[in-house]
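A.B. asks: Could you look at this predicted model? Sequence included:
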Amino acid sequence: MQNKNLRKLFLLAILFGYTLRAFAAMPSDSMKLNVAIEKDAPPYVDNRAERGLEVDVILKSLPGYSITFIQMGWGYIPDAMNKGVANAEANAIKHEDPDKYYYSNYYIGFVNYAISHKGKDYKIDKVEDLVGHDLIVWKNAHLVLGPEFKRLFSPGAPGRKNYVEAQNSKNQVLDFWKNPDSVIIVDKSIFMNFSIIEGHSMDEVNIHKIFLPVTKFKMAFKEEKPRDDFNNGLALLCSNGVYAKLLKEYGVPKKANVCQ
């Protein structure tokens, strides 16, 4: 009887030890992040935010964190933390009360081009030449495409008349193909991916060589610690060459490297 009781105590001790280790391995609430991120836009975000350059950069910059991506249109991301949907936001541009949040270093860059339908043969050599065209961009694009673009396409500006802000990358590219008179400002890798999916070829378009800056984005966090951890992790990706390898893996131009 005594041996049986000892065996039971021994088994209970082992079970208790396993339970403690399991709880210790579980991330605390401070290590859990719900990240608001754009809808699928390969090669940056793909397969319902399970892979992609942007997804990998965020995950690899925050080892040890339990991260859940919550996908939504661009226009909804800046309200995600305020509404309690998320405690971190990708592609942070504009907040009603920016001092409430903690902003990271730049972590992702998009290489933008002006693209038109080849049959139109539009002459677009500078940003000013975009005025008057049916222009398709993303939400708040005027804030990140340089001072000349901002002057011409801010709300109330002369170029705003035929200006459309799409809710996500897929809709942006689809809207372009639906409107043969349109011009799109978009990251070339995103445009090419969605166009091929829709059965189109890059031979059907003209890519205009006007100067548009690489649009670089920061993360926004509700708390300071994950922001600091993210910056440290991102710095490591830059210093050990992993960031450059990810660009190559996803076919994104070196020009998009925020480490430089």
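C.D. replies: Structure's in. What do you need?

A.B. asks: When you work out contacts or count neighbours from here on, use the C-alpha atoms and nothing else.
C.D. replies: Noted.

A.B. asks: would you list every one of the strands in the stretch 151-260 of the chain?
C.D. replies: Along the stretch 151-260 of the chain, counting by DSSP state E, counting those that start in this stretch, strands occupy 163-166, 182-187, 205-208, 215-221.

A.B. asks: Which elements pack onto the last one?
C.D. replies: In terms of contacts (3 or more C-alpha pairs under 8 Å, 6 or more residues apart in numbering; DSSP states H and E), strand 215-221 is packed against strand 88-92, strand 102-110, helix 224-239.

A.B. asks: And the second one, by the same measure?
C.D. replies: Strand 182-187 sits against strand 112-117, strand 134-138, helix 169-178, with contacts defined as 3+ C-alpha pairs under 8 Å, 6+ apart.

A.B. asks: averaged over its residues, what pLDDT does the longest one have?
C.D. replies: Think helix 169-178. Taken as a whole, helix 169-178 carries a mean pLDDT of 98.

A.B. asks: Figure out which of the strands of the stretch 151-260 of the chain is closest to K123.
C.D. replies: Shortest distance between K123 and the strands of the stretch 151-260 of the chain, using C-alpha to C-alpha, is found for strand 205-208: 8.4 Å.

A.B. asks: Buried deepest among the helices and strands packed on strand 215-221, which one?
C.D. replies: Ranked by mean neighbour count, the helices and strands packed on strand 215-221 are led by strand 88-92 with a mean of 24 (mean count of other C-alpha atoms under 10 Å).

A.B. asks: tell me what that one is packed against?
C.D. replies: Here strand 88-92 touches strand 32-38, strand 215-221, going by 3+ C-alpha pairs under 8 Å, 6+ apart.

A.B. asks: Please repeat the previous calculation with a cut-off of 10 Å.
C.D. replies: Applying 3 or more C-alpha pairs under 10 Å, 6 or more residues apart in numbering; DSSP states H and E, we find strand 88-92 packed against strand 32-38, helix 53-61, strand 66-72, strand 102-110, strand 215-221.

A.B. asks: mind exporting it as PDB, just the C-alpha atoms?
C.D. replies: C-alpha atoms of strand 88-92 as PDB (Å, rounded to 0.1, in the frame of the first residue of the first chain):
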ATOM      1  CA  ALA A  88      -0.200  47.100 -32.900                       C
ATOM      2  CA  GLU A  89      -0.600  48.400 -36.500                       C
ATOM      3  CA  ALA A  90       1.400  47.800 -39.700                       C
ATOM      4  CA  ASN A  91       1.900  50.600 -42.200                       C
ATOM      5  CA  ALA A  92       1.300  53.400 -39.700                       C
END
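
A.B. asks: how far does that strand sit from the chain's center?
C.D. replies: Mean-position distance between strand 88-92 and its chain equals 7 Å (C-alpha atoms, centre = their mean, to the nearest Å).

A.B. asks: same thing with stretch 184-203?
C.D. replies: The answer for stretch 184-203 is 17 Å, by C-alpha atoms, centre = their mean.

A.B. asks: Show me what the mean pLDDT comes to for it.
C.D. replies: Across stretch 184-203, pLDDT averages out at 97.

A.B. asks: repeat for stretch 141-148
C.D. replies: In this model, stretch 141-148 has a mean pLDDT of 95.

A.B. asks: Next, the buried residues of it.
C.D. replies: 141-146 (16 or more other C-alpha atoms under 10 Å).

A.B. asks: one step back: turn the helices and strands packed on strand 215-221 into TSV, including distance to V35.
C.D. replies: Listed next are the helices and strands packed on strand 215-221 as TSV, based on distance: least, C-alpha to C-alpha, whole Å:
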stretch	distance to V35
strand 88-92	5
strand 102-110	14
helix 224-239	12
